[in-house]
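J.: Here is a sequence with its predicted model. Questions after.
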Amino acid sequence: MSDTSRQTLLEQLGGLSGLVYSTLPVLVFVPINSVWGLTAAIWSAIGVACGVLVWRLIRRTPIQPAISGFMGVALCAFIAHRTGDAKGYFLFGIYASLVYGGAFALSVLVRRPLVGVIWGMLNGQGSRWRAHREAVRAYDIATAAWALVFIARYLVQNHLYDEDQTGWLAAARIGMGWPLTALALLVTLWTVRKADRLVESTMEHDEGQPDPTGAMDSTVAADSAATPDTATAPHDARPRHEKR
């Protein structure tokens, strides 16, 4: 897989800086909530997310990850406000991990690994990879890695939520955030490279094969040229009799 392919995958997550920026609202939310209360923590988290968005606009970097992050922080802040508890800020992420983990795991079971589906749409190969057993197995590994990450996040953070451990919940959110994402991304890069080699080698092999339809047309044309045209033969082939 080329460096461009690696960059494409990183850009879907906002790049390395995007992974780091995603932890800033949480780093601000928890300590401010402990000192000044929930309302100040909510507005501080939203302010940091807005600042990240403005920073990306100033630097003219892709802003789609920042927009998604801002909307996510706003939603988490709204849930915390509605529940009246700081731990409500983490509720959306907990159940989102459960949904994502279930979807990735289910896609492996039905032999439609989501990593292969997503990467096929990004690189324009579509579903060609499904014709290769080894490529499907590689995408199964990558998809299973993401499923494990999401399920682990859900199990740990849901337990801390039930125990009202808001501080540890924030630590788990950060510790199981971009570090695990980076690990799953490394597995994805390795498996995608392997699958791409299989698909590309098969495509090159198919392009090097002669076209059977064209060969058949050439054979038919040659046979037609070698066979006399009976339609132009004289109709009266009777021998002429000599006059007596």
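T.: That came through fine. Residues are numbered from 1 along each chain as shown.

J.: so what's K87 closest to, chain neighbours aside?
T.: Nearest residue to K87 in three dimensions, chain neighbours excluded: T166, at 4.7 Å (Cβ to Cβ, 6 or more residues apart in numbering). (C-beta placed from N, C-alpha, C; glycine too.)

J.: any idea how far L27 is from that neighbour?
T.: 14 Å (Cβ to Cβ, to the nearest Å).

J.: Likewise for A77?
T.: A77 is 15 Å from L27, by Cβ to Cβ.

J.: what's the answer for I46, then?
T.: 14 Å.

J.: swap in G51?
T.: Taken as Cβ to Cβ, the span from G51 to L27 is 13 Å.

J.: and if you look at A131?
T.: Remark: distance between A131 and L27 (Cβ to Cβ) = 47 Å.

J.: Please say which of these two ends up with more neighbours.
T.: L27 (14 against 11; other Cβ atoms under 10 Å).

J.: CA atoms of the strand or helix carrying that one as CSV?
T.: Using DSSP states H and E, L27 sits in helix 24-36. The C-alpha coordinates for helix 24-36 follow below in CSV (Å, rounded to 0.1, in the frame of the first residue of the first chain):
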residue,chain,number,x,y,z
LEU,A,24,-8.7,18.1,25.0
PRO,A,25,-12.4,18.7,25.9
VAL,A,26,-12.3,15.8,28.4
LEU,A,27,-9.1,17.1,30.0
VAL,A,28,-10.8,20.4,30.6
PHE,A,29,-14.3,19.0,31.5
VAL,A,30,-13.4,16.9,34.6
PRO,A,31,-11.1,19.3,36.6
ILE,A,32,-13.4,22.3,35.9
ASN,A,33,-16.4,20.3,37.0
SER,A,34,-14.6,19.5,40.3
VAL,A,35,-13.8,23.1,41.0
TRP,A,36,-16.5,25.2,39.5
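
J.: so what does the helix or strand following that helix touch, helix or strand wise?
T.: Using DSSP H and E, the helix or strand that follows helix 24-36 in sequence is helix 38-59. The contact analysis (3 or more Cβ pairs under 8 Å, 6 or more residues apart in numbering; DSSP states H and E) places helix 38-59 against helix 24-36, helix 64-83.

J.: How about residues contacting the longest one?
T.: Translated: helix 64-83. 13-15, 18, 21-22, 25, 38-39, 41-42, 45-46, 48-50, 52-53, 56, 86-93 (Cβ atoms under 8 Å, 6 or more residues apart in numbering).

J.: one more time with 6 Å, if that's ok
T.: 14, 18, 22, 25, 42, 45-46, 49, 52-53, 56, 88-89, 91-92 (Cβ atoms under 6 Å, 6 or more residues apart in numbering).

J.: Ok, stretch 103-120 next?
T.: G126, S127, W129, Y139, D140, A142, T143, A144, W146, A147, V192.

J.: Pick the one among those closest to R173.
T.: W146 (17.4 Å; Cβ to Cβ).

J.: how close does that closest one get to I42?
T.: 30 Å.

J.: More neighbours: the two, which one.
T.: W146 (25 against 22).

J.: Quickly find the element holding that one.
T.: helix 133-162.

J.: and the next helix or strand after that helix, which residues are buried?
T.: Counting by DSSP H and E, the element after helix 133-162 in chain order, helix or strand, is helix 166-175. Of the residues in helix 166-175, T166, W168, L169, A170, A172, R173 count as buried by neighbour count, 16 or more other Cβ atoms under 10 Å.

J.: angle of helix 166-175 against helix 24-36?
T.: Counting by axes from the mean of the first three to the mean of the last three Cα atoms, to 10 degrees, helix 166-175 lies at 170 degrees to helix 24-36.

J.: so what secondary structure elements neighbour helix 166-175?
T.: helix 24-36, helix 133-162 (3 or more Cβ pairs under 6 Å, 6 or more residues apart in numbering; DSSP states H and E).
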